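[1] No sequence on hand, only this structure:
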Ligand code: ADP
Ligand code: 5GP
């Protein structure tokens, strides 16, 4: 029996704790690859090109769309974001599991292309807590935070298209749930080609 590599999609409204949980998953299971996305958004303080994102201009991004370099792409909060096709190909070639930290629009596109993708939605305990976390994170302006909250309410409706929901209230518990989902998915028989 040949094992297939897993494509794990992590989606959440901005500020729900996706980056925190994703980092924890990669630390616990270093064999998992992280899909570094491309974006036309300017880097935030502390972000590194090639590690957090590949930061490109709007024009460069549009050229990449034309060249079919993305497996999926979407406009989120006014900027382009996309998963390079190469990331998925590399994971397949290396037979490594890969985690995609992408928005709900991208998540839907991935699920359409890869029926076996493991779809995980991370929810904040409430919109109030979400706003508090975004303010505390201190990386976005208040105007940007208000915009993210408005979008968050719409994104929350998309969770019905996901396989799992993790409510990120207590971080330790949320991590435990994420690790458990990964372990359970690795044990699934349907993922093995006979
Ligand atoms: P996202 O990647 O979804 O935008 P982050 O992982 O950056 O979110 O988390 C947003 C903020 O909330 C960060 O400052 C992070 O440290 C904090 N945070 C994440 N999870 C929790 C939690 N369970 N309890 C309290 N704060 C959290
Ligand atoms: P941020 O600007 O906070 O890093 O990300 C904003 C949103 O864009 C998040 O929901 C994040 O998951 C999403 N995102 C990041 N990379 C991609 C991608 O490659 N494709 C899509 N569709 N969304 C992405």
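    Noted; the coordinates are in hand. From a predicted model like this one, the values you see are computed outputs, not experimental measurements. Numbers count the residues shown, from 1 in each chain. Ligands and ions are numbered 1, 2, ... in the order given.
[2] ok now do the nearest residue to residue 104 once chain neighbours are set aside, which residues does it touch?
    The shortest distance from residue 104 to any non-neighbouring residue, by C-beta to C-beta, 6 or more residues apart in numbering, is to residue 158 (3.9 Å). (Each C-beta comes from the backbone N, C-alpha and C, glycine too.) For residue 158, the contacting residues are 11, 104, 107-108, 121, by C-beta atoms under 8 Å, 6 or more residues apart in numbering.
[3] And for the closest residue to residue 161 other than its chain neighbours, the neighbour number?
    Excluding the flanking residues, the one nearest residue 161 by C-beta to C-beta, 6+ apart is residue 108, at 6.0 Å. The number of residues packed near residue 108 is 19, by other C-beta atoms under 10 Å.
[4] The helix or strand harbouring residue 108 and ligand 2 in contact?
    Here residue 108 is covered by helix 104-113, with elements defined by DSSP states H and E. Yes. Using C-beta under 6 Å from any ligand atom, helix 104-113 reaches ligand 2 at 105-106.
[5] got a list of contacts for that helix?
    Contact with helix 104-113 is made by 7, 9, 11, 71-74, 76, 81-83, 100, 102, 117, 119, 155, 158, 161-162, as judged by C-beta under 8 Å, 6+ apart.
[6] Name the next helix or strand downstream of it, please.
    Per DSSP H and E, the first helix or strand lying C-terminal to helix 104-113 is strand 118-123.
[7] mean confidence score for the helix or strand following that next one?
    The element immediately downstream of strand 118-123 (helix or strand, assigned by DSSP H and E) is helix 127-137. What helix 127-137 shows for mean pLDDT is 93.
[8] In this protein, which helix is the longest?
    The helix that spans the most residues within the chain, counting by DSSP state H, is helix 171-187.
[9] Touching, residue 56 and residue 64? I think so.
    Yes. Residue 56 is within contact range of residue 64, at 7.2 Å (criterion: C-beta atoms under 8 Å).
[10] if I look at the two, which residues touch both of them?
    What both residue 56 and residue 64 touch, as defined by C-beta under 8 Å, 6+ apart, is the set residue 38.
[11] For this structure, just list every one of the helices.
    With DSSP H as the criterion, the chain has helices at 18-28, 58-66, 85-94, 104-113, 127-137, 142-156, 171-187.
[12] now, of these, which is deepest in the fold?
    Neighbour counts (mean count of other C-beta atoms under 10 Å) averaged over each of the helices of the chain peak at helix 104-113, with a mean of 18.
[13] Taking strand 118-123 as reference, get the angle to that one.
    Inter-element angle recorded for helix 104-113 and strand 118-123: 160 degrees (by axes from the mean of the first three to the mean of the last three C-alpha atoms, to 10 degrees).
[14] Next, give phi and psi for residue 188.
    phi -60, psi 130 (degrees, to the nearest 10).
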